[in-house]
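Participant: From the sequence below, what's the structure:
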Amino acid sequence: MSRELTGLSYVVLNLIGRNGAGPHDLVRMARAGQRLYWAGAESKIYAQPKLLEQEGYLTSEKRPGKTRERTHYMLTDKGLRALREWLARPSPFPRLQSEAAIRVQASDLAADPADVVESLRAMREEIDELDAVLDLEEARRSAFPHRERQLRLLHSLGRRVLQAHREWIEEVERELGATP
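Facilitator: The predicted structure follows:
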């Protein structure tokens, strides 16, 4: 009996894509987008291809690596069908998990709302780091000509999410505390 595919299953099927990928490749690709687009533990990303192979969604072969053979996974017809069916389903609005939003909501309980403002200002550094990650990923986009348009659109979303957070932090500063 097949288990139901999870969101992470579809992430892995997507990352394996047309050219296949090894577990280390999947983790590297996931790290590039994970902080902006989804959350998943690396250990689960490593485990997912084996589970998908057991269910017939992937097949694997051993390929030479730098020091030892590496497993390389490829989509099966069943995997491609499952991914295509999932792609055709309506997309729900993304679930947002934001500690910053909860802090703002609870700011009336803070000893000093300026403490909450200061905690949000710290996000600016992380936003800058994520901008740098997007810079690197955009520079690598041409290495994936079969997905260049899709990656451009994904990076556009990432930039917009980061910009929305910058603007929201400024709004919180205006509303809850004086901007320095």
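Participant: for the helix or strand harbouring Gln150, packing partners?
Facilitator: Using DSSP states H and E, Gln150 maps to helix 148-176. In terms of contacts (3 or more Cβ pairs under 8 Å, 6 or more residues apart in numbering; DSSP states H and E), helix 148-176 is packed against helix 23-37, helix 99-105, helix 113-121, helix 123-140. (Glycine included, C-beta is placed from N, CA and C.)
Participant: If we use 6 Å, what do you get?
Facilitator: When contacts are defined as 3 or more Cβ pairs under 6 Å, 6 or more residues apart in numbering; DSSP states H and E, helix 148-176 sits against helix 113-121, helix 123-140.
Participant: by contact count, what packs against the last one?
Facilitator: Counting contacts by 3+ Cβ pairs under 6 Å, 6+ apart, the secondary-structure elements packed against helix 123-140 are helix 148-176.
Participant: Show me which positions of the helix it packs on end up buried.
Facilitator: If you call a residue buried by 16 or more other Cβ atoms under 10 Å, then helix 148-176 has these buried ones: Leu151, Leu154, His155, Gly158, Val161, Leu162, His165, Trp168, Ile169, Val172, Glu173, Leu176.
Participant: Looking at these, which two lie furthest apart in space?
Facilitator: Farthest-apart pair in those is Leu151 and Leu176; separation 36.9 Å (Cβ to Cβ).
Participant: Which element, helix or strand, includes Lys44?
Facilitator: Using DSSP H and E, Lys44 falls within helix 42-54.
Participant: hmm, which helix or strand of the protein has the shakiest average pLDDT?
Facilitator: Every helix and strand in the chain was compared by mean pLDDT, DSSP states H and E; the lowest is helix 23-37, with a mean of 75.
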